[in-house]
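Asker: the amino acid sequence is not available; the structure is as follows:
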């Protein structure tokens, strides 16, 4: 699995050129990327279950293994939250895999809470 990537080159090109999928990068003083955040604007318009609003969904936040412990993930998240506020978003959402306790604790330390629980049955 180590050679697997979430997106292929064509998907990355599409993400980077779309205003609906903002990407934020944290780099050190030498310009070396230390982490990133991929986001997606999700409009919720005309839904009978909730009022009209726009969500900024965080698809991925990743910090280079060598840069962890330097609060880069927190800085990326806070930048994304500020961006969402400035763009009129009602909320920020993301998914955390069950069992990824470190990620869950990280996001809870930022003030996030459970919005919903997804369930599955493997067939």
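Answerer: Okay, I see it. On a predicted model such as this, the values are computed, not experimentally measured, just so you know.

Asker: when you work out contacts or count neighbours from here on, use the C-alpha atoms and nothing else.
Answerer: Fine.

Asker: in the helix or strand harbouring residue 102, which residues are buried?
Answerer: Element membership for residue 102 (DSSP states H and E) is helix 101-109. Neighbour-count burial for helix 101-109, counted by 16 or more other C-alpha atoms under 10 Å, picks out 104, 107.

Asker: what comes into contact with that helix?
Answerer: 96, 113 (C-alpha atoms under 8 Å, 6 or more residues apart in numbering).

Asker: mind listing what's buried in the strand or helix carrying residue 56?
Answerer: Using DSSP H and E, residue 56 sits in strand 53-63. Going by neighbour count (16+ other C-alpha under 10 Å), the buried part of strand 53-63 is 54, 55, 56, 57, 58, 61, 63.

Asker: widest-spaced pair of those?
Answerer: The largest separation in the buried residues of strand 53-63, counting by C-alpha to C-alpha, is between 54 and 63 at 26.4 Å.

Asker: now do the strands in this structure.
Answerer: 23-27, 33-44, 53-63, 91-94 (DSSP state E).

Asker: longest helix of this protein?
Answerer: helix 72-86 (DSSP state H).

Asker: nothing else from me, thank you.
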